[in-house]
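Colleague: sharing a sequence plus its predicted fold:
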Amino acid sequence: MEFLVQHGADLLFYVFAVGALAAAVGVITLRNPMYCAISLLVCFLCVAALFLLRHAEFLALVQVFVYGGGIMVLFLFVIMLVNLHRLRESSVFGEYAPMAVVLAVLLVALVLFVFLNYDQQAVAAAPGAFVSVEGQVVGNSEAVAWTLYRDYLLPFEIASVFLLVAMVGAVVLGRKS
Amino acid sequence: MGAIEPREFLLLAPEIFLAVAGMVVLAVGSIGRGLAHRTTALISLVSLAVVGALVLTVQGPAVGGEAILAGMFMIDGYALFWKGIFLLATALTIVLSMRFVEEGGYPAGEFYALLLFATTGMLFMASGFNLLSIWISLELMALSSYILAGYFKRERRSNEAALKYFILGALSSGILLYGISLLYGATGTVQLTELAARLPAAMAAEGMLVSLGWLLLAIGLFFKVAAVPFHVWTPDVYVGAPTPVTAFLAVGSKAAAFAILVRILYQGLAPLLVEWQIVVAAVAVVTMIWGNLAAVTQSNVKRMLAYSSIAHAGYVLIGVLAATEDGLWAVLFYMLAYSFITLGTFATVILLERREYAGETYADYAGLARRSPFLAAMMLIFMLALTGIPPTGGFFGKVYLFAAAVQSGWTWVAVVGVLMSAVSLYYYMGIVVYMYLRDAEDDTPTPLPSRLLAGAIGLCAVITVLLGILPGPIVELAKASLLQLP
Amino acid sequence: MESYLPILVFCVIAAGFLVVSLLAARLLRHRGSGRTSREPYECGNEAESFAHDHRFSIRYYLIAVLFVIFDVETIFLFPWAVMFDKLALFGFIEMVVFLFILIVGYVYVWNRGALNWA
């Protein structure tokens, strides 16, 4: 029990990390698109939990809301709209397999390079900037709010015009005429 | 940051007004059916004029340079010059669009509203002084442009244009944002002056991170200005998009992308001058060579103009590369001249275009001198200007750019520019040969369907020639609109 | 971090409930013949074609996109609500402007009949 209390966060990290990886593998190997989508959802939720463990509460929430909610809905709609029969016959990467392998190797090399070269103590200390407001330690969401709604208030309002344009675009291009 | 003063918002009144005007146009356009074509176009034009007046009166006194909202935006002469270009380009685009949208039977309110929103984004871009505020403004412009490119949704080419533009545009935005995040990781700031101040130390500590960051940032920007090898989206998008939208992309979007490219390179990445000069030089040379050579092989006029716009991005990059006062005002002068020339060219193409995309090949220009001497003469002026032959604004634009490069020691790049201008003579004059020396199949005069459009073409031609005879006032204006140099 | 403990316990119980009920169902349920029970209509009517052989109305897609847009909007509301007292009136006005712009969009979408299912 003492071990659990002391290393609880680390244990949880491994649980969710393995969960995210397993789910990600499921996304690309499962043959039923619906299972893939559910697998992706599990992956998103595990990643959200990882964000929580890093005290990035706002990111965790975005992960659940936007990815687990919005993006998943888009995926499910697309799965519903496309013809599923064809999907089962195609292989995962088709003729692009060699390119995919090369890219995967490069990506792994890059991650390894970063992992081996960067000062992990320094990296661990840096997120402190995202949990403080005027010198006081608060939650991550509060820190995000403080920056977003004070320093970045105008870009924030531009973002709302951006969302408005997105709505107009969806209607203009998606409406039956 | 301290309390926000209301005055800081007042300084941004033009941008805020334009966003509101866009919403008004959207609302007016969605009441009633089909009646709103003229009304919405008129409201848009009037609000652009008001914004122009606001820029002069509200932001004019701050030309000396005033950072507002904790360095988020910057009001200075440089921003004002670009804003002038954007407003003129959008106003002319609206004039160009009126007949097109009306005949196509597509909703007008949304079209003009999207143009106004895109322009809002462009105005914010010109004043953006923080990588994130620049990025979100860029996205506002880009998203509006994607939709506009696909606006003629019954045309397959328009669908294709929108899809390609969206996918590659989103990719480039992602690259841009990745670069920004790496720079933030290395320096802890996205504000341009702070970034410049912290870069030397960050370069020493996290050299790889900084290099990768600014390279990705630059690649994202090269995508937006359509420089080779990041230009692949351009031809298909320019050909497929409704022609007024193509004009808007070739002038407005490109100018806005240059506005932020120059500001980021000169002010944010100033300590990396030597590094980015090499990259810009390489991209400029490749862009000029590829753009011009590919333009030679085209038979579709819109496609040729797409490659020509790529080539012109290469010329402008020469001025950016110089990183001197002469280079900077040459860029400003060139973009202004280029805007009028290109808008005039596309307006002429629009007049000749008929349904089903007929009227887009060189052959369709055969005998134009007889069918419509006015249009042929206008096209002649624009083609001379694009090549850079006096007495047009294009001539002085190129002379200033190349001279600036030579003075700052980039002679070989300028030489490539001159050589490639000679190549461009071939395809620009190709149209002239068709217009004046080939006979048309039928000699019936081409009517001028719209006096307004003809007037816009005339205006562009007059300005093009005026810039070629009396460049002085605009040069002085551009010289008064400089940035602090790296 | 301790404050998340109840949520973790909650998640574990939820997952346990799922596993237990699925297991129980597996043990208790009647094993029918595989093929018929997988048909769309188990009663015996044969389906004439697959659902995916038909084209779906673009409206579904439109609704999905609009949902995502409003979903993103709610994300902005969340941190604002957390800091509401500190951001005070200024933050309130800011959010009113933000919401107003989106309401303009909403009215537009409504007005254009994009939500009309008739």
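Modeller: Alright, I've got the coordinates. Residues are numbered from 1 along each chain as shown, chains lettered A, B, ... in the order given.

Colleague: I figured residue B:238 hits residue B:251, correct?
Modeller: No. Taking contacts as CB atoms under 8 Å, residue B:238 lies outside contact range of residue B:251: 11.7 Å. For the C-beta atoms, the positions are set from N, CA and C on the backbone; glycine is no exception.

Colleague: for these two, indicate the residue with more neighbours.
Modeller: Using other CB atoms under 10 Å in any protein chain shown, the more surrounded residue of residue B:238 and residue B:251 is residue B:238, with 29 against 26.

Colleague: how close does the more buried one sit to chain C?
Modeller: In this view, residue B:238 and chain C are 26 Å apart by CB to the nearest CB, to the nearest Å.

Colleague: need the contact list for the residue nearest to that residue when sequence neighbours are not counted.
Modeller: Leaving aside its sequence neighbours, residue B:238 sits nearest to residue B:306 (CB to CB, 6 or more residues apart in numbering or on different chains; 3.6 Å). Taking CB atoms under 8 Å, 6 or more residues apart in numbering or on different chains, we find residue B:306 in contact with B:234, B:235, B:237, B:238, B:239, B:246, B:250.

Colleague: in CSV: those residues, plus secondary structure and pLDDT.
Modeller: Below are the contacts of residue B:306 laid out as CSV (DSSP: H, G, I helix; E, B strand; the rest coil; pLDDT from 0 to 100):
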residue, secondary structure, pLDDT
B:234, helix, 92
B:235, helix, 92
B:237, helix, 93
B:238, helix, 92
B:239, helix, 90
B:246, helix, 93
B:250, helix, 93
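
Colleague: any idea which of the residues you listed is closest to chain C?
Modeller: Nearest to chain C out of the contacts of residue B:306 is residue B:237 (CB to the nearest CB; 21.8 Å).

Colleague: how many neighbouring residues does the closest one have?
Modeller: Going by other CB under 10 Å, the residues that sit close to residue B:237 add up to 29.

Colleague: now do the contacts for it.
Modeller: Residue B:237 sits next to B:149, B:161, B:164, B:165, B:246, B:249, B:306 when contact means CB under 8 Å, 6+ apart.

Colleague: contacting residues around the helix or strand containing residue B:49?
Modeller: Per DSSP states H and E: residue B:49 is located in helix B:36-54. With contact meaning CB under 8 Å, 6+ apart, helix B:36-54 is reached by B:13-14, B:17-18, B:21, B:24-25, B:28-29, B:84, B:87, B:90-91, B:94-95, B:97-98, B:101-102, B:108-109, B:112-113, B:115-116, B:119, B:123.

Colleague: next helix or strand past it?
Modeller: Criterion used, DSSP H and E; the element after helix B:36-54 is strand B:66-68.

Colleague: how far does that next one sit from its chain's centre?
Modeller: Taking CA atoms, centre = their mean, to the nearest Å, one finds strand B:66-68 lying 25 Å from the centre of the chain it belongs to.

Colleague: swap in stretch A:60-68?
Modeller: The answer for stretch A:60-68 is 8 Å, by CA atoms, centre = their mean.

Colleague: please save the CA atoms from it in CSV.
Modeller: Presented in CSV, the C-alpha positions along stretch A:60-68 are these (Å, rounded to 0.1, in the frame of the first residue of the first chain):
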residue,chain,number,x,y,z
ALA,A,60,-6.9,17.2,-20.9
LEU,A,61,-10.3,18.9,-21.1
VAL,A,62,-9.7,19.9,-24.7
GLN,A,63,-8.6,16.4,-25.5
VAL,A,64,-11.9,15.0,-24.1
PHE,A,65,-14.2,17.8,-25.5
VAL,A,66,-12.8,18.4,-28.9
TYR,A,67,-11.1,15.1,-29.8
GLY,A,68,-13.2,12.7,-27.8
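
Colleague: near chain B, anything from it?
Modeller: No. Stretch A:60-68 stays clear of chain B (CB under 8 Å from any CB of the partner chain), getting no nearer than 15.1 Å.

Colleague: residues of that stretch that come out buried?
Modeller: Neighbour-count burial for stretch A:60-68, counted by 16 or more other CB atoms under 10 Å in any protein chain shown, picks out A:60, A:61, A:62, A:63, A:64, A:65, A:66, A:67, A:68.

Colleague: chain C next: which of the residues you listed are close?
Modeller: A:61, A:62, A:65, A:66.

Colleague: so which of those residues sit within helices?
Modeller: A:61, A:62 (DSSP state H).

Colleague: below-threshold pLDDT in chain C: ranges please.
Modeller: Residue ranges of chain C with pLDDT under 70: C:1-2, C:32-38, C:44, C:50-55, C:118.

Colleague: looking at chain A, which residue is nearest chain B?
Modeller: residue A:169 (4.0 Å).

Colleague: got the confidence number for that residue?
Modeller: For residue A:169, the pLDDT comes out at 92.

Colleague: ditto for the one 4 residues further on
Modeller: According to the per-residue confidence, residue A:173 scores 87 in pLDDT.

Colleague: in contact with it, which residues are there?
Modeller: Contacts of residue A:173 (CB under 8 Å, 6+ apart): B:147, B:150, B:153, B:162.

Colleague: buried stuff in the helix or strand hosting residue B:396?
Modeller: Using DSSP H and E, the element containing residue B:396 is helix B:393-407. For helix B:393-407, the neighbour count (16+ other CB under 10 Å) marks B:393-398, B:400-406 as buried.

Colleague: please apply the same query to stretch B:344-362.
Modeller: So, applying 16+ other CB under 10 Å, buried residues of stretch B:344-362: B:344-353, B:359-362.

Colleague: please state the offset of the strand or helix carrying residue A:16 from the chain centre?
Modeller: Following DSSP H and E, one finds residue A:16 within helix A:2-29. In terms of CA atoms, centre = their mean, the centre of helix A:2-29 is found 15 Å from the chain centre.

Colleague: just the ones of the contacts of helix B:36-54 in helices?
Modeller: Using DSSP H, these in helices are B:13-14, B:17-18, B:21, B:24-25, B:28-29, B:84, B:87, B:90-91, B:94-95, B:97-98, B:101-102, B:108-109, B:112-113, B:115-116, B:119, B:123.

Colleague: now, of those residues, which are buried?
Modeller: Applying 16+ other CB under 10 Å to the ones in helices among the contacts of helix B:36-54 flags B:14, B:17-18, B:21, B:24-25, B:28-29, B:84, B:87, B:90-91, B:94-95, B:97-98, B:101, B:108-109, B:112-113, B:115-116, B:119, B:123 as buried.

Colleague: near chain A, which residues of chain B show up?
Modeller: B:1, B:4, B:12, B:19, B:22-23, B:26, B:69-70, B:72-73, B:106-107, B:110, B:113-114, B:117, B:120-121, B:124, B:130, B:132-133, B:136-137, B:139-140, B:143-144, B:146-147, B:150-151, B:153-154, B:162, B:188.

Colleague: what about chain A, any weak spots by pLDDT?
Modeller: A:1, A:5, A:83-93, A:119-137, A:176-177.

Colleague: ok, residue B:285 to chain A distance?
Modeller: 28 Å.

Colleague: pLDDT on the helix or strand hosting that residue, on average?
Modeller: Residue B:285 is part of helix B:273-296, with elements assigned from DSSP H and E. When pLDDT is averaged along helix B:273-296, the result is 93.

Colleague: residues in contact with that helix?
Modeller: With CB under 8 Å, 6+ apart as the criterion, helix B:273-296 contacts B:211, B:214-215, B:218, B:222, B:227-229, B:231, B:235, B:265, B:269, B:304, B:307-315, B:317-318, B:320-321, B:323, B:410, B:413, B:416-417, B:420, B:423-424, B:426-427, B:486.

Colleague: what's the angle from that helix to helix B:393-407?
Modeller: 140 degrees (axes from the mean of the first three to the mean of the last three CA atoms, to 10 degrees).

Colleague: I'd like the next helix or strand past helix B:273-296.
Modeller: That would be, after helix B:273-296 and using DSSP H and E, helix B:301-322.

Colleague: which strands and helices sit next to the lengthiest helix in chain C?
Modeller: Looking across chain C with DSSP H, the single longest helix is helix C:84-111. If you count contacts as 3 or more CB pairs under 8 Å, 6 or more residues apart in numbering or on different chains; DSSP states H and E, helix C:84-111 packs onto helix A:140-146, helix A:153-174, helix B:13-30, helix C:58-82.
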